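> For reference, the sequence and a predicted model appear below.
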Amino acid sequence: MIQVKEVTKRYGDKTVVDQLTFTAHPGQVTGFLGPNGAGKSTTMRMIVGLDTPTTGEVLVNGRRYAEHAAPLQEIGVLLDAKGVHPGRSAANHLLAMARTHGIPKKRVDEVIELAGLTKVAGKRVGNFSLGMGQRLGIAAALLGDPGVVMLDEPVNGLDPEGVLWVRNLLARLAAEGRTVVLSSHLMSETSLIADHLVVIGRGKLLADTSVASLVAQAAGGGVKVGTPATTLLGVLLAGPDVTVTPAGPEELIVSGLDARQIGQIAADHGIPLFALTPQTVSLEEAFMDLTREAVEYTSSLELAR
């Protein structure tokens, strides 16, 4: 488990993280999202002791990172896949990490195979492609068989097979009861992997919710109804907690009733329907809507929307 408790981080007079509180629970993949400059990287660095909170505290499995005798066995982290000596082979890089934590060589062999690096384990990391570097970074994160795994942009540079591998790997780790935190700018991939979302902007918490709830909130919960009898159906659906809005010559948007309820009322009165579709948006659209006022860098094309 990762617990971020009222954490603030300041650099001089600039507040990068502002009273941030959230918990990443075991048994699920938590998507940690935010626009550039939101404070995600700083928060992840504080989780693993690379930065110190100005106020508040961050706990990994109930302790601060520095208090763990063998932190690699508590939390596995991928923050920068390029942070490897280019002259070392993949196997030697992992072996050096293992020796500092009393991890047997057998485990090094296991994570090399798990990451699909067996054929290149003896090659210098400096000659690795971006995707191979990502696989090595994930192997390093799993080396200590930790109960908590935190990965920043893990599918960066991976081909479709590699992306699917990461997706299945994270799902399996969560199913084993581990805490998994995923930070990514790829909303489509996050929507397929994450169970829960923590969204921040300008260092502040914007959302701590499920993927389904965030998307449903952004969509507004309306149902698109296609019928030649818009006027009659609108009268029949009207109620104190129901909003019926014309959206075209033969189209209504209805809020306050679900598709089943609307369909039943139409059937009871013999009204034909040719469309009955709950309004949905993508996670990307929901994210953009939520973070619109927290974007630090905005292009002219985005302003023109």
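Perfect, I can see it now.

> How about G137: what's its closest non-neighbour residue?
Counting by C-beta to C-beta, 6 or more residues apart in numbering, G137 lies nearest to A81, which is 3.7 Å off, once chain neighbours are set aside. All C-beta atoms are positioned from the backbone trio N, CA, C, and that covers glycine.

> Quick check: which ranges of the chain have low pLDDT?
Residue ranges of the chain with pLDDT under 70: 296-305.

> how's it carved up into domains?
The chain breaks down by automatic domain parsing into domains covering 2-216, 221-278.

> Tell me which of the ones you listed lies nearest to D289.
Comparing the domains of the chain against D289 with C-beta to C-beta, the closest turns out to be domain 2-216 (9.5 Å).

> How far away from the center of its chain is that closest one?
11 Å (C-alpha atoms, centre = their mean, to the nearest Å).

> what's the span of it from first residue to last?
Start-to-end span of domain 2-216 (C-alpha to C-alpha, to the nearest Å) is 27 Å.

> wait, what's in contact with P272?
When contacts are counted by C-beta atoms under 8 Å, 6 or more residues apart in numbering, P272 is found next to 227-229, 266.

> If we use 10 Å, what do you get?
Going by C-beta atoms under 10 Å, 6 or more residues apart in numbering, P272 touches 226-229, 233, 266.

> These in strands, which ones?
G226 (DSSP state E).

> coming back round to it: helix, strand or coil: sort out the residue nearest to G137 for me.
Put simply, A81 is coil when judged by DSSP: H, G, I helix; E, B strand; the rest coil.

> now the helices: where do they sit in this protein?
Along the chain, counting by DSSP state H, helices occupy 40-47, 90-100, 105-114, 130-142, 160-175, 187-193, 211-219, 230-237, 259-268, 283-291, 300-303.

> Same list (those) but as CSV, adding distance to R10.
Formatted as CSV, those follow (distance: least, C-beta to C-beta, whole Å):
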stretch, distance to R10
helix 40-47, 10
helix 90-100, 32
helix 105-114, 37
helix 130-142, 29
helix 160-175, 33
helix 187-193, 29
helix 211-219, 29
helix 230-237, 53
helix 259-268, 49
helix 283-291, 22
helix 300-303, 28
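
> Pipe those helices into JSON lines and attach mean neighbour count and distance to L205 per row.
Formatted as JSON lines, these follow (neighbours: other C-beta atoms under 10 Å; distance: least, C-beta to C-beta, whole Å):
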{"stretch": "helix 40-47", "mean neighbour count": "22", "distance to L205": "11"}
{"stretch": "helix 90-100", "mean neighbour count": "18", "distance to L205": "33"}
{"stretch": "helix 105-114", "mean neighbour count": "16", "distance to L205": "34"}
{"stretch": "helix 130-142", "mean neighbour count": "22", "distance to L205": "25"}
{"stretch": "helix 160-175", "mean neighbour count": "16", "distance to L205": "22"}
{"stretch": "helix 187-193", "mean neighbour count": "18", "distance to L205": "17"}
{"stretch": "helix 211-219", "mean neighbour count": "17", "distance to L205": "13"}
{"stretch": "helix 230-237", "mean neighbour count": "16", "distance to L205": "37"}
{"stretch": "helix 259-268", "mean neighbour count": "14", "distance to L205": "33"}
{"stretch": "helix 283-291", "mean neighbour count": "19", "distance to L205": "11"}
{"stretch": "helix 300-303", "mean neighbour count": "8", "distance to L205": "23"}
